[in-house]
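Novice: heads up, no residue letters with this:
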């Protein structure tokens, strides 16, 4: 299980970014767990509708939040953001699916993190 | 802002509120970054006001006690950080320190952001200590600005006021005389002018010393101010001479006002370190309601001076307006 968790996010780096404040990190995980379904839904819709501006915005938000948590999903979100900015969504569906898997794993990891610390 | 307001000390000028350097406005649509920013800023002792988009941030900034430091996210729905920077920079008033949050991978953002008016930027995700240092740098600049504004206001005040009495000084009261005469020409409201001179002031100085003389001048100034309206002008014209302007005052009102001022001095001795010192004042009046007094400030001053000379010659502690003495009291010396 430990290896699986490390594959999604670098907890040590995330903790370093909040200057070792465990409580703040818990809060951030909690906010992400609350926020991400709606953000992913927005992104899914934007990709489905082929709306590059909306893809860019939703992916930008996801990129910011996941990079806060030092999660690898941020790299995929960034790719999607760039596709939106470049108005080329030809690879967007595949990229979204990758991101969707990654976010699902990340959510599990964060739930474990928050549950274990409580 | 008129000239008189400009010349007053700063707590009465500008927008009247003290600078708010311990509060920070956050404009950030992302709840995670809002949480991070709020968490640290509050931990460092700042009061945090958070807005979820550009337009609410703009609304918050319209209030007079809005924070001077603002952290603005670049990408927000509706009004974004850049637009917000531009709007804030188009405002008049106190300088605000604007810290723009940008994404790490968008290089062109930085130049556009600084061009739009941001003072500094921070890339997300940022290091906690970097946030702290950049906010502190902003606060330092704003503190420096406040100190400069206060120094400027203090200099302005000193340049226009008599240090002993804090009344308008010679130059300032003459400026007001010229300006009020101009205004009177437009509005046709009469302007009353009084030249007041303390009687036997040299004797007070010689008998009790200059420190007592200074107290007398300060107390006379205070009594004059207390007996006049807030929009009248009292200046220390020379040593023991005061020039007083009462706008919108006809001859009868002018005489009544002067008589009130004379009595405010003569009726009660002035308390000093050597005990009570009786003081009287002679006053020469001129009014633009009189013929030939319409506009020339020098002529108005000459008329008041001439009337003052008559008040002195007729025995002091009295009010005169050309060509006659109009009121008089006993002389205590």
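Specialist: Yep, that arrived. What you see is a predicted model; the values in this text were computed from it and never measured. Numbers count the residues shown, from 1 in each chain, chains lettered A, B, ... in the order given.

Novice: quick one: low-confidence ranges for chain A?
Specialist: By pLDDT under 70, the weakly predicted segments of chain A are A:1-6, A:116-118.

Novice: longest helix anywhere in it?
Specialist: helix A:22-49 (DSSP state H).

Novice: C-terminal to that helix, what's the next element?
Specialist: Helices and strands here follow DSSP states H and E; after helix A:22-49, the next one along the chain is helix A:52-68.

Novice: buried sites along the helix or strand that that next one is followed by?
Specialist: As assigned by DSSP H and E, the chain's next helix or strand after helix A:52-68 is helix A:73-85. By neighbour count, with 16 or more other CB atoms under 10 Å in any protein chain shown as the criterion, the buried positions of helix A:73-85 are A:73, A:74, A:76, A:77, A:78, A:79, A:80, A:81, A:82, A:83, A:84. All C-beta spots, glycine's among them, are computed from the backbone N, C-alpha and C.

Novice: Quickly note the distance from the residue nearest the centre of chain A to chain B.
Specialist: Nearest residue to the geometric centre of chain A (CA atoms, centre = their mean): residue A:66, 4.0 Å. Using CB to the nearest CB, to the nearest Å, one gets 10 Å for the distance from residue A:66 to chain B.

Novice: Now do that residue against residue B:245, distance only.
Specialist: Shown here: residue A:66 relative to residue B:245, a distance of 71 Å by CB to CB, to the nearest Å.

Novice: Pull the contacting residues for residue A:36.
Specialist: Remark: with contacts taken as CB atoms under 8 Å, 6 or more residues apart in numbering or on different chains, residue A:36 is in contact with A:62, A:65, A:103, A:107.

Novice: Buried residues, stretch B:182-190. List them.
Specialist: Neighbour counts using 16+ other CB under 10 Å place B:184, B:190 of stretch B:182-190 among the buried residues.

Novice: which bits of the stretch 1-150 of chain B sit near chain A?
Specialist: B:29-33, B:35-36, B:39, B:75, B:77, B:103-105, B:124-125, B:127-129 (CB under 8 Å from any CB of the partner chain).

Novice: Counting neighbours, which of these end up buried?
Specialist: B:29-33, B:35-36, B:39, B:75, B:103, B:124-125, B:128.

Novice: ok so, going back, with the contacts of residue A:36 in mind, which one is nearest to residue B:228?
Specialist: Taking CB to CB as the measure, residue A:65 is the one of the contacts of residue A:36 closest to residue B:228, at 65.2 Å.

Novice: Would you check that that closest one makes contact with residue B:29?
Specialist: No - the pair residue A:65 and residue B:29 does not pass the contact test of CB atoms under 8 Å, sitting 11.4 Å apart.

Novice: Find the nearest non-adjacent residue to residue A:91, please.
Specialist: If the residues on either side of it in the chain are set aside, residue A:91 comes closest to residue A:83, at 6.4 Å by CB to CB, 6 or more residues apart in numbering or on different chains.

Novice: Number of residues surrounding residue 21?
Specialist: I went with chain A, as the question did not name one. The burial metric for residue A:21, expressed as a neighbour count using other CB atoms under 10 Å in any protein chain shown, is 17.

Novice: hm, I was asking about chain B
Specialist: 18.

Novice: And residue A:40, by the same measure?
Specialist: Burial measure for residue A:40: 18 neighbouring residues, criterion other CB under 10 Å.

Novice: Same question for residue B:111.
Specialist: The burial count assigned to residue B:111 is 10, neighbours taken as other CB under 10 Å.

Novice: again with residue B:51
Specialist: Residues within reach of residue B:51, counting by other CB under 10 Å, total 23.

Novice: just how off-centre is the lengthiest helix in chain B within its chain?
Specialist: In terms of residue count, the longest helix belonging to chain B (DSSP H) is helix B:128-160. Centroid separation between helix B:128-160 and its chain, computed with CA atoms, centre = their mean, to the nearest Å, is 19 Å.

Novice: Now do whichever helix or strand comes after it against helix B:128-160, angle only.
Specialist: Of the helices and strands lying after helix B:128-160 in sequence (DSSP H and E), the nearest is helix B:170-187. Comparing the axes of helix B:170-187 and helix B:128-160 via axes from the mean of the first three to the mean of the last three CA atoms, to 10 degrees yields an angle of 80 degrees.

Novice: After helix B:170-187, which helix or strand is next? Please name it.
Specialist: Toward the C-terminus from helix B:170-187 - assigned by DSSP H and E - lies strand B:191-198.

Novice: just checking, what packs against that next one?
Specialist: Using 3 or more CB pairs under 8 Å, 6 or more residues apart in numbering or on different chains; DSSP states H and E as the contact criterion, the secondary-structure elements in contact with strand B:191-198 are helix B:170-187, helix B:210-227, strand B:241-247, helix B:251-266, strand B:281-287, helix B:297-313.

Novice: Output these in JSON lines; the columns should cover distance to chain A and mean pLDDT.
Specialist: As requested, the helices and strands packed on strand B:191-198 are exported to JSON lines (distance: least, CB to the nearest CB, whole Å; pLDDT from 0 to 100):
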{"stretch": "helix B:170-187", "distance to chain A": "56", "mean pLDDT": "92"}
{"stretch": "helix B:210-227", "distance to chain A": "57", "mean pLDDT": "96"}
{"stretch": "strand B:241-247", "distance to chain A": "61", "mean pLDDT": "97"}
{"stretch": "helix B:251-266", "distance to chain A": "66", "mean pLDDT": "96"}
{"stretch": "strand B:281-287", "distance to chain A": "70", "mean pLDDT": "95"}
{"stretch": "helix B:297-313", "distance to chain A": "67", "mean pLDDT": "93"}
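
Novice: Just name the most buried of these.
Specialist: When you average the neighbours per residue for each of the helices and strands packed on strand B:191-198 (mean count of other CB atoms under 10 Å in any protein chain shown), strand B:281-287 leads with a mean of 27.
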